[in-house]
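Peer 1: Provide a 3D model corresponding to the input given below.
(chains A and B)
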Amino acid sequence: MSVNIKYPKESTQKIYPGMAIFFVLMCLIGCREIELVVPTEYEILPGEIFDDNAPLRMYLLNEGNMGSNKSTIDFVDFRSMLYVRNIYSEMNPNVIMELGDVGNDIAIYGNKLYAVINCSHKVEVMDAKTCERLGQIDIPNCRYIKFSKGYAYVSSYVGPVAIDPDAQLGAVFKIDTTSLTVVDRATVGYQPDELEIIGEYIYVANSGGYRVPDYDYTISVVEMYAMKQIQQIPVGLNLHRIKKDNYGRLWVSSRGNYKDVASNLFVLERKSANSREMVVTDTLNIACSDMVISGDSLYFYSVEFNSTTEKNHVSYGIIDIRTKELITDNFIKDGTDKNIVIPYGLQIDPHNGDIYVTDAKNYVSSGQLHCYNRNGIKKWSVRTGDIPAHMCFLW
Amino acid sequence: MKRLLTVFFISLSLFFHSHVFSQNLNDTILHLKEVEVVAKKYTEVIPAQKLEGKELQRLNSFSVSDAIRYFAGVQIKDYGGVGGLKTVNIRSMGTNHMGVFYNGIQLGNAQNGQIDLGKFSLDNIEEISLYNGQKSEIFQSAKEFGSAGSIYLTTRRPRFKDGKSANLKAGVRFGSFDLLNPSVLFDYKINDNLVATFNCEWISSSGKYKFRYQRVTPYGEIAYDTTAVRNNGEIDAVRMEGSLNGYIHAGSWKIYVYNYESERGIPGAIVNNVWRRGERLWDKNSFIQCSLTKEFDFGYSYKLNMKYANDFTHYVNNDNKLISVDNIYKQKEVYGSFANKYSIVKNWDLSFAYDVQWNGLSEFADVTRLSQWGSLATAFTIADKFKTQASILACVINEESRERESSPIRKKLTPAIFMSYQPLNRYDLVMRAFYKRSFRMPTFNDLYYTDMGNAYLNPEIADQYNFGILYDKHRENCFLSNFHIGVDAYYNLVKDKIVAYPKGQQFRWTMLNLGKVDIRGIDATMMMTFDFNHNLSLTGKMQYTYQEAIDITYEADNYYKHQIPYIPWHSGSAIGMLSWKSWGLNYSFIYVGERYNQQENIRYNHTQPWYTHDVSVSKNLKFKRSEIRFSAEINNLLGQDYDVILNYPMPKRNYRFVISITL
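Peer 2: Prediction:
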């Protein structure tokens, strides 16, 4: 036992440094710090500063993955050639939980910037120049926004309460852009997505995306003063985008059912010169995920999954609106389209024809914004927020 | 299926045969109270990290997942609250690589591969062991050789004091979140060879707790500071377990029945303008499992395991703003295992095991899967100094889907080798090393669930290399009576790693094939017990983990070589347990360092460290033959506001009280 007596001292000497190391380590590793407001980041873009005829800015809404609350607003400042990442939280530090969850549309009307935040069930209204918050309009499951004569019209998946929860119709909400309140709403088809306004009619592309496999296939026509659906035009399965051109026509894209019915592009025109009724006149058999009309050109891209090659087939096309002919199936001419994983947004600068394409990558990491000149040669690329998707210009 | 049934009936007949056989031998057996293995100093090649008995009882833990936080190398994903999902991940390899074994038989979830450890209350658990690689024993079922890491949950073994033939224990836990959790436990000794146990508990909680989000401007002004109540987190659950344990000549058998039913709300992510969600979940998990172990004189032993499990899940989303969901998932599992061990000589054992399992899923997809495992293993010891264990596992998986194309038959062969060496006779200093390859199949959800958008997942392969040293010292009647220190360094390479990612609703996931992950880490553990005079003793335990788990899939990715989501570089825990006569005072500290909530390690994805201090006091009172135990716990003593998972706030300071009576 006499040998044993020596041990405790030795061992305790071993232990105390051990404990000390442990706690020192914990301190070194780091403690929790005060949570700062998410800061804005600035990045210099290559290229010369635009003149006064150019837009001031292009805003970009990043959707953010569902549940992550990471929808953010970035913008390109054409006067200083800066890319400004995540402006909202710094400009509006007092807003609890920042901009919100899953941004779905962005637009400017008058002096106000509107961001439709789908999973936060609201339309955020900001000053178009400062991005300072002016208010919000609560609209459940809101999707897209369009404006006319002092009012904003927002499509929403949630219409009147239905007895059968699977058969809930969607709605278009009418918002007074001065008071920022909902003044009226019209019931439309199932899960309405984009909308377009011609004269006093609102055309809404119904998707029926919650009703797989019984997708909706119609466009709802809403008379904007009475806010009543007056007609449903059958078009194609699972409608998504709707854009008007300069000839009073509507260009409508469908998603299809991702199986045997492919994505498609339709043209609607008036039945006759005197009729106000729109009918499908052309089915172009061109897959389309998103489109922008600029002058007489319709720019679009499509992503279609090919189950035999297990790869996405991507095309970037231009259609001549007058002839409805496909001019090219790849407007990116320098081969840099190979670097785009998933195109997710498209915009054209009307003043110089620059093309903007966003890449959502794997949906859970930063995306990229690519700028090409009108000839399809890349000018620059920049890192964005998560899922960059929707763009609009500030003039 | 036919073959499966045959196996089942053969096993069943074997089982009853042995049982009858044992009855005949009954009179020759005198003492068969309990078989307690007294661990020799150096028996296992690589021993487990363990929490057991009193120690487990004294930790401020409600569920198994709370207790597992004290193990080195483990990361817990906790969505908060009593009913919130809690999953565990070992050495950054992902939840699905972790095998969770309940009384020796693996708990399964073929649908999503996730075992919610929050569902397993500690009320009836006596021991939790964590093995890196596999259990250091070759006498086990083939499936047990399959996981990259294994957690063994062992329920209370009935023990009877002299002359007693029944134990009754009743207790109640209550406290914050309107928790009410009464439980009762009953053991009955039918005869010397037959013991029955029954345990039942009811858990009820509103799941309501206050949480706080705060932001400060760079100028130090409060940007916002909001406190709200977590809603839709209530739970109502009943768990019932019963067992019949028999002892036969040189062997034992056990039948175990488990039933858990719950109804709960799923609180969901807190995002701008959304403070309440409408998701609800009903669960019914039942299983019956039987095992039989028998040893023969000529060095041969066998173990027979059987299990039938039935799981029912009903998920509803009532939120009228979102897509209405009302889904029912039914899962069935039939499992049989036959393990054999033969000792060629005293120091050399061989084992062979064959397992077969059938899984069925219905409602959202009609899929069945037949899996078969065969294992061969050997273990030998040289001069009580060098121990080694090697195993090889073959696995064949065949799937049938009624609605879609079936996956092709998958075959895999995975080896493992474990070694340990004790160089000096006088000191308990052991060096150890292992290599193991394991894989996991994509789950039914990964393969067939349309909504997750990723049916093209590859099976995930993990290679583990580990080297470690540990030193133990046990002495009686000394100030420092116990001392342990151990350090392991490891390197894991995971190919085609699949990471579960919450997709808006907690119950659903986006699956990502993160590709290739390089994981290097160090686990360090330390334990000591000081015996002071006057019945005062202090036990301290510490654990520290360093991990670098980086994505090395594509150089072109902007997260190339970034730490993968939710893996902290540093994590650790410390426990202090002070005992004085019948009083106990415990303190525990858990630290999880900074980490990123997405693949890219950029400031927008940064998540702050969190650390909680928990304290509890307990007192035991003895009245003749009965014993009453009181304990009061304070969790998150300093009231830290933290998220384990982004936008899933955790409770601030909360309290729990326990009263139990043992008769």
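Peer 1: Could you use CA atoms for every contact and neighbour count after this?
Peer 2: Noted.
Peer 1: Surely residue A:337 forms part of a helix?
Peer 2: Yes - the assignment for residue A:337 is a helix, going by DSSP: H, G, I helix; E, B strand; the rest coil.
Peer 1: need the contact list for residue A:337.
Peer 2: If you count contacts by C-alpha atoms under 8 Å, 6 or more residues apart in numbering or on different chains, residue A:337 has none.
Peer 1: same check, this time on residue B:66
Peer 2: Here residue B:66 is in contact with B:60, B:118 (criterion: C-alpha under 8 Å, 6+ apart).
Peer 1: Does it lie in a helix or a strand, and which?
Peer 2: In the assignment (DSSP states H and E), residue B:66 maps to helix B:64-68.
Peer 1: what about that helix, average pLDDT?
Peer 2: Helix B:64-68 carries an average pLDDT of 89.
Peer 1: what do you get for stretch B:132-146?
Peer 2: The average pLDDT within stretch B:132-146 is 91.
Peer 1: roughly how far out does that stretch sit from the chain middle?
Peer 2: 15 Å (C-alpha atoms, centre = their mean, to the nearest Å).
Peer 1: Name the residues that touch it?
Peer 2: With C-alpha under 8 Å, 6+ apart, stretch B:132-146 has contacts from B:44-48, B:99, B:106, B:147-150, B:303, B:337-341, B:350-355, B:373-375, B:377-379, B:389, B:391, B:393, B:436, B:438-439, B:464.
Peer 1: make it 7 Å
Peer 2: Residues from elsewhere that reach stretch B:132-146, judged by C-alpha atoms under 7 Å, 6 or more residues apart in numbering or on different chains: B:44-47, B:147-150, B:337-341, B:351, B:353-355, B:373-375, B:377-379, B:393, B:436, B:438.
Peer 1: Of those residues, which ones also sit close to chain A?
Peer 2: The subset of the contacts of stretch B:132-146 within reach of chain A, by C-alpha under 7 Å from any C-alpha of the partner chain, is empty.
Peer 1: ok, now which ones touch the residue in the stretch 551-663 of chain B positioned nearest to chain A?
Peer 2: Of all residues in the stretch 551-663 of chain B, residue B:609 sits closest to chain A, at 5.4 Å by C-alpha to the nearest C-alpha. Residues in contact with residue B:609 (C-alpha under 7 Å, 6+ apart) are A:31, A:32, B:592, B:593, B:594.
Peer 1: Would you list the buried entries among those residues?
Peer 2: Among the contacts of residue B:609, the ones that count as buried by 16 or more other C-alpha atoms under 10 Å in any protein chain shown are A:31, B:592, B:593, B:594.
Peer 1: number of nearby residues for the closest residue to chain B within the stretch 51-200 of chain A?
Peer 2: Closest residue of the stretch 51-200 of chain A to chain B, C-alpha to the nearest C-alpha: residue A:67 (4.1 Å). By the criterion of other C-alpha atoms under 10 Å in any protein chain shown, residue A:67 has 23 neighbours.
Peer 1: Alongside chain A, which residues does the stretch 551-663 of chain B contribute?
Peer 2: Residues of the stretch 551-663 of chain B found near chain A (C-alpha under 7 Å from any C-alpha) are B:598, B:599, B:600, B:608, B:609, B:610.
Peer 1: Among those residues, which lie within strands?
Peer 2: residue B:610 (DSSP state E).
Peer 1: wait, what's in contact with the nearest residue to residue A:363 once chain neighbours are set aside?
Peer 2: Once flanking residues are discounted, residue A:363 sits nearest to residue A:387: 5.5 Å by C-alpha to C-alpha, 6 or more residues apart in numbering or on different chains. Going by C-alpha under 7 Å, 6+ apart, residue A:387 touches A:62, A:63, A:64, A:360, A:363, A:366, A:367.
Peer 1: Residue A:117 now?
Peer 2: Here residue A:117 is in contact with A:100, A:101, A:102, A:103, A:104, A:123, A:142 (C-alpha under 7 Å, 6+ apart).
Peer 1: beta partners for it?
Peer 2: Taking DSSP bridges as the rule, residue A:117 bridges to residue A:103, residue A:122.
Peer 1: Show the pLDDT at it.
Peer 2: 97.
Peer 1: measure it to residue A:392 for me?
Peer 2: 15 Å (C-alpha to C-alpha, to the nearest Å).
Peer 1: likewise residue A:93?
Peer 2: Per C-alpha to C-alpha, residue A:93 is found 23 Å from residue A:392.
Peer 1: Neighbour count for the two, which is higher?
Peer 2: More neighbours surround residue A:93 than the other of residue A:93 and residue A:392, with 22 against 19 (other C-alpha under 10 Å).
Peer 1: okay but the more buried one is in contact with residue A:36, surely?
Peer 2: No - here residue A:93 does not reach residue A:36: they are 9.5 Å apart, not a contact under C-alpha atoms under 7 Å.
Peer 1: Could you report the neighbour count for residue 369?
Peer 2: In the absence of a named chain, this looks at chain A. Other residues close to residue A:369 by other C-alpha under 10 Å number 23.
Peer 1: wait, chain B
Peer 2: Neighbours of residue B:369 using other C-alpha under 10 Å come to 20.
Peer 1: do residue B:414 as well
Peer 2: Applying other C-alpha under 10 Å, we find 18 residues neighbouring residue B:414.
Peer 1: Where do the helices of the stretch 51-200 of chain A begin and end?
Peer 2: Per DSSP state H, counting those that start in this stretch, the stretch 51-200 of chain A carries helices over the ranges A:88-91.
Peer 1: Oh, that last question was meant for the stretch 51-200 of chain B, not what I typed.
Peer 2: Counting by DSSP H, counting those that start in this stretch, one finds helices in the stretch 51-200 of chain B at the ranges B:53-58, B:64-68.
Peer 1: and residue A:244, which of those helices is closest to it?
Peer 2: helix B:64-68 (56.7 Å; C-alpha to C-alpha).
Peer 1: for the closest one, which positions count as buried?
Peer 2: In helix B:64-68, the ones that count as buried by 16+ other C-alpha under 10 Å are B:64, B:65, B:66, B:67, B:68.
Peer 1: Please tell me how far the residue in the stretch 201-350 of chain A positioned nearest to chain B sits from residue A:138.
Peer 2: As assessed by C-alpha to the nearest C-alpha, chain B sits closest to residue A:210 within the stretch 201-350 of chain A, at 6.1 Å. Here residue A:210 is placed at a distance of 21 Å from residue A:138 (C-alpha to C-alpha).
Peer 1: And residue B:602, by the same measure?
Peer 2: Taking C-alpha to C-alpha, one finds residue B:602 at 32 Å from residue A:138.
Peer 1: go on, residue A:239?
Peer 2: In terms of C-alpha to C-alpha, residue A:239 sits 25 Å off from residue A:138.
Peer 1: who's in contact with stretch B:102-112?
Peer 2: By C-alpha under 7 Å, 6+ apart, stretch B:102-112 touches B:99, B:100, B:101, B:115, B:152, B:153, B:154, B:155, B:359, B:443, B:444, B:445.
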